[in-house]
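Q: Build me a model:
(one chain, ligands or ions: 1)
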Amino acid sequence: MVSFSNSPGLDFSFSPVGETGKGVTVEINNQILMETAYFNGTFTPNSEIRISPDDRGFLFADGIYEVVRWYQGFFYDMEGHLTRLKRSMKEIRLNWPDQDSFPDVAMELINLNNLQDIPSLVYLQVTRGAAKRSHAFPSPAIDPTVYAFARSFRPQAEMIGMGLGAIMKKDTRWSRCDIKSISLLPNILSFQDAIDAGCYECIFVRDGMITECAHSNIFLVIDGILYTHPESEYVLSGITRKNVLRIARQEAIPVRETAVSESRLNEISEAFITNTSFEIAPVISINNISVGNGKPGPVTMLLRNKFHDDIALLKSDYRS
Ligand code: PDD
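A: As a prediction, the model looks like this:
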């Protein structure tokens with residue numbers, strides 16, 4: 001079956017736009033065709049890429065990834081994404097000698113797939129390469145496997161702006177959530193639980209404290225103060241999180257990078273999640289209970305508007 005993903009409601013996939021004829025990714029039974037990807041130093045049709053069954057990414061989830069957003073003219077905070085990519089690799093002792101080529105690879109993927117004028121995401125993943133299965137690192141060291149693709153997606157800003165429901169669950173992940181590891185099983189299972197419950201995100205709680213979500217960071221407003229979990233081994237240092245904190249401080253919103261206890265749930269007047277594709281998404285209910293008055297709150301909307309102003313400014317800088 002050929003599909004151009006068009007489902008109503010929020011679509012979390014990197015979905016084809018399919019309107020302009022440009023940048024269209026054709027899917028057949030969820031297989032991507034007619035797309036140029038990056039694989040181990042070359043740009044090649046996605047459908048022709050062959051990855052070894054002995055790849056350590058496949059066998060052990062021994063790898064890391066990065067996702068950056070293309071705003072029809074520029075990548076948002078590419079420097080931040082490159083820095084995090086390098087940090088993730090360093091933390092797992094993985095060496096990709098061409099790591100600094102990430103911005104050029106991303107740009108080339110946008111160009112080769114005619115995505116210049118289309119909202120897109122670039123995904124890059126680096127694994128420890130293909131070798132006979134052994135827990136120890138291959139010795140002598142082998143080349144990593146590097147795969148990247150660019151895909152259009154629907155930002156769905158209007159729908160996101162109306163607010164999302166979230167569930168809350170025990171954080172069952174490991175203790176190095178600061179590494180953008182491709183090992184995402186707890187995230188996937190929790191996110192699916194959220195979808196099954198008719199919600200769009202799962203908020204994690206570890207030792208009674210709210211950490212982050214299955215694929216986003218979380219911010220909470222209590223008594224006019226904006227809280228988010230501090231950078232630590234229990235959360236990913238989100239690029240959107242970092243920029244939201246910058247904007248909040250510019251706007252003189254009181255900010256505390258302090259973990260909030262799950263027991264304070266009834267004190268929360270506003271909540272929102274942040275990630276590269278959603279930017280800032282209000283959370284209007286948690287476990288079916290309204291947050292505040294059940295509508296996106298003023299702090300959330302101010303930050304959303306300021307974030308969009310930032311993007312608009314960057315767009316005009318790019319055009320001039
Ligand atoms: N996820 N926390 C987790 C667990 C995440 O997976 C993500 C992003 C974030 C937000 O990070 P950033 O603002 O840099 O996107 C926080 C991406 C979008 C993904 O896995 O597709």
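
Q: CA atoms for contacts and neighbours, from now on please.
A: Will do.

Q: Give me the local confidence score for Lys315.
A: The model reports Lys315 with a pLDDT of 88.

Q: Touching, it and Tyr76? I think so.
A: No: using CA atoms under 8 Å, Lys315 is not in contact with Tyr76; the gap is 10.1 Å.

Q: Quick check: which element contains Gly198?
A: For Gly198, there is no enclosing helix or strand under DSSP states H and E.

Q: residue contacts, it?
A: Gly165 (CA atoms under 8 Å, 6 or more residues apart in numbering).

Q: Give me the pLDDT value at it.
A: 97.

Q: For it, grab phi and psi.
A: phi 80, psi 20 (degrees, to the nearest 10).

Q: ok, it to Pro140 distance?
A: 49 Å (CA to CA, to the nearest Å).

Q: Close to the ligand: what parts of the stretch 201-320 of the chain are there?
A: Neighbours of the ligand within the stretch 201-320 of the chain, by CA under 6 Å from any ligand atom: 213-217, 236, 238-241, 274-277.

Q: Let me know how buried Val235 is, in neighbour terms.
A: Val235 is flanked by 22 other residues according to other CA atoms under 10 Å.

Q: Same check on Ser316?
A: 11.

Q: quick one: it is in a helix?
A: Yes: counting by DSSP: H, G, I helix; E, B strand; the rest coil, Ser316 is located in a helix.

Q: ok, it - contacts?
A: Ser316 touches nothing, counting by CA under 8 Å, 6+ apart.

Q: try Val221
A: Counted by CA under 8 Å, 6+ apart, Val221 has contacts Tyr227, Ile268, Ser269, Glu270, Ala271, Val299.

Q: Across the sheet, point out what pairs with the fourth one.
A: Which is Glu270. Val221 (DSSP bridges).

Q: and it, how far is that from Val283?
A: 7 Å.

Q: Find the residues that touch each one of these two.
A: Contacts common to Glu270 and Val283, judged by CA under 8 Å, 6+ apart, are Val291, Pro296.

Q: and the helix or strand Ala150 falls within, average pLDDT?
A: In the assignment (DSSP H and E), Ala150 maps to strand 145-152. Strand 145-152 carries an average pLDDT of 98.

Q: That strand and the ligand, any residue contact?
A: No: on the criterion CA under 6 Å from any ligand atom, strand 145-152 is out of touch with the ligand, staying 12.3 Å away.

Q: That strand - contacts with which helices or strands?
A: strand 36-39, helix 102-112, strand 120-127 (3 or more CA pairs under 8 Å, 6 or more residues apart in numbering; DSSP states H and E).

Q: Indicate which one of the ones you listed is closest to the ligand.
A: strand 120-127 (8.1 Å; CA to the nearest ligand atom).

Q: Can you tell me the strand partners of that closest one and which way each runs?
A: strand 63-70 (antiparallel), strand 145-152 (antiparallel).

Q: what are the ranges of the strands in the stretch 151-300 of the chain?
A: Assigned by DSSP state E, counting those that start in this stretch, the stretch 151-300 of the chain shows strands spanning 164-170, 201-206, 209-213, 217-222, 225-228, 255-256, 260-261, 270-275, 279-286, 289-290.

Q: Would you map out the domains in this structure?
A: Structural domains annotated on the chain: 2-154, 158-313, as defined by automatic domain parsing.

Q: For the stretch 1-150 of the chain, give me the ranges with low pLDDT.
A: Where the stretch 1-150 of the chain drops to pLDDT under 70, the residues are 1-33.

Q: quick one, what contacts the residue of the stretch 1-150 of the chain found nearest the ligand?
A: Here the stretch 1-150 of the chain gets closest to the ligand at one residue, Val67, 6.0 Å apart by CA to the nearest ligand atom. Residues in contact with Val67 (CA under 8 Å, 6+ apart) are His81, Leu121, Val122, Tyr123, Leu124, Thr276.
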